[in-house]
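J.: Have a look at this fold, sequence not included:
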Ligand SMILES: C[S@@+](CC[C@H](N)C(=O)[O-])C[C@H]1O[C@@H](n2cnc3c(N)ncnc32)[C@H](O)[C@@H]1O
């Protein structure tokens, strides 16, 4: 197909899908898409309109592709279109609490914003906010007057999203910026304490250990993960609805690296006989205990445990790892899995919910390929780790211990993580 045909195809599809979205909005008396301060924050199109959501997603992908192709007509323009300033705009907005300096529904000035931050000068606020306006974070309805957009209102009102933006810019962006320096300094390292994150934070501790010493950063990162999980693709219902947990009856599940236990809570609520043990590093478990739902106290317990040391819970039915192993280089994954061998009873299962990279070239869209390769890079930036294809996961279990029978897995509908299973065929 020639490039000309491709751009015509793309734009035809964009027009058709835009008509579909617009038709839905008009039929339901909904406002046109905008960044108006009062635009509905949960989104214009409800989840129970999947066809319209699909049309919206197709527009997002096709317009990005069309833009890429148009920029690519002039390769030097394509190269020079890469910009780091988006991250700075978002970072400044959350770092200095700019969106919280004036209430929704009101207007302010650069001077008043600067005074409210207690740190920034008026000229710096003007510079930062005027760039943020170009990214639809804030509006400037009249010269020198700042008002909220839907984006700044969201950042002002939703602490989880604000924490996500803080972690994305202070933790991830800084780690990314130092990754080439780390790779040059520690060539080929498979150690989680020689990463871009470590260089950026001037630490020789792996990220989660470092966070244990900085509670506010740990809290924010945990909130960022929660915000991630609240998106459709990360919903906890993908865990509860896509594995036969009910077959375990009153069995025991160990939620290894279970954070504050939000997944275990959802499982305990849906399966009223199931017992769950949430394990994580000590500060995380302290927090988990302080916010434990009292109605689940008889079935959900909390245990500080470092999974780089032998697993202390013997004879559980399932050892569940959600978004854990992809954070670790292979030699550490092997150590984590082998740390369980001594406590597994015959038929016990290691259930993993994690990313699985599709075979190269089999991904449906360029946007999805970019998303997956981006996640792979995040693993490098933070942990010196990487995402894995299904064959890599199979090989990992085989190398950890030949008595694991890898049974493969499945991708729950709408989820971005697979569930896969290895059953213990050894003796107790
Ligand atoms: C990406 S989060 C996943 C949390 C949770 N399983 C989920 O599905 O959202 C990784 C978790 O591993 C925990 N963790 C990191 N290193 C650990 C270690 N050595 N031992 C136990 N937990 C650890 C972190 O504190 C964090 O809660």
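T.: Sure, I can see it. In this text the structure is predicted, and so the values were computed from the model without any measurement. Numbering: from 1, shown residues only.

J.: so which helix or strand takes in residue 199?
T.: helix 196-200 (DSSP states H and E).

J.: what's that helix in contact with?
T.: 171, 174-182, 185, 204-207, 210, 380-383 (Cβ atoms under 8 Å, 6 or more residues apart in numbering). Placement of C-beta: from N, CA and C, glycine included.

J.: go again using 7 Å as the cut-off
T.: 174-179, 181-182, 204, 207, 381-382 (Cβ atoms under 7 Å, 6 or more residues apart in numbering).

J.: pLDDT below threshold where in the protein?
T.: Filtered on pLDDT under 70, the chain yields the residue ranges 1-5, 360-361, 363-364, 428.

J.: In terms of residue numbering, what are the domains of it?
T.: 3-80, 85-157, 159-223, 231-424 (automatic domain parsing).

J.: returning to what we had before: any idea which helix or strand comes after the helix holding residue 199?
T.: That would be, after helix 196-200 and using DSSP H and E, helix 207-212.

J.: And that following helix, what's buried?
T.: Using 16 or more other Cβ atoms under 10 Å as the test for burial, helix 207-212 gives 207-208, 210-212.

J.: quick one: is it near the ligand?
T.: Yes: using Cβ under 6 Å from any ligand atom, helix 207-212 reaches the ligand at residue 208.

J.: Summarise which helices and strands the helix or strand following that helix is packed against.
T.: For helix 207-212, the succeeding helix or strand toward the C-terminus, using DSSP H and E, is helix 215-229. In this structure, helix 215-229 makes packing contacts with helix 159-166, helix 207-212, judged by 3 or more Cβ pairs under 7 Å, 6 or more residues apart in numbering; DSSP states H and E.

J.: how far is the shortest one from where the chain is centred?
T.: Which is helix 207-212. 18 Å (Cα atoms, centre = their mean, to the nearest Å).

J.: same thing with the longest one?
T.: On the basis of Cα atoms, centre = their mean, the separation between the geometric centre of helix 159-166 and that of its chain is 12 Å.

J.: still on that earlier bit, nearest to residue 150, of the helices and strands packed on helix 215-229?
T.: helix 159-166 (11.7 Å; Cβ to Cβ).

J.: Can you mark which positions in that closest one are buried?
T.: Buried, per 16+ other Cβ under 10 Å, within helix 159-166: 160-166.

J.: ok, now stretch 167-185?
T.: 167-176, 178-179, 182-183.

J.: Show me what it is in contact with.
T.: With Cβ under 7 Å, 6+ apart as the test, stretch 167-185 has contacts from 87, 90-91, 94, 194-200, 220-221, 224, 378, 380-382.

J.: what about 8 Å?
T.: Counting by Cβ under 8 Å, 6+ apart, residues outside stretch 167-185 touching it are 87-88, 90-91, 94-95, 189, 194-201, 217, 220-221, 223-224, 377-378, 380-382.

J.: Could you check how far the closest residue to residue 201 other than its chain neighbours is from residue 183?
T.: The shortest distance from residue 201 to any non-neighbouring residue, by Cβ to Cβ, 6 or more residues apart in numbering, is to residue 210 (6.1 Å). Taking Cβ to Cβ, to the nearest Å as the measure, residue 210 falls 19 Å from residue 183.

J.: Could you single out the nearest of the contacts of helix 196-200 to the ligand?
T.: Nearest to the ligand out of the contacts of helix 196-200 is residue 207 (Cβ to the nearest ligand atom; 8.1 Å).

J.: Buried residues, stretch 85-98. List them.
T.: 87-98.

J.: Now do that stretch: distance to the chain's middle.
T.: Per Cα atoms, centre = their mean, the centroid offset for stretch 85-98 relative to its chain is 19 Å.

J.: which outside residues touch it?
T.: 99, 113, 116-117, 119-120, 125, 128-129, 131-132, 135, 137-138, 152, 155, 162, 165-166, 168-170, 173.
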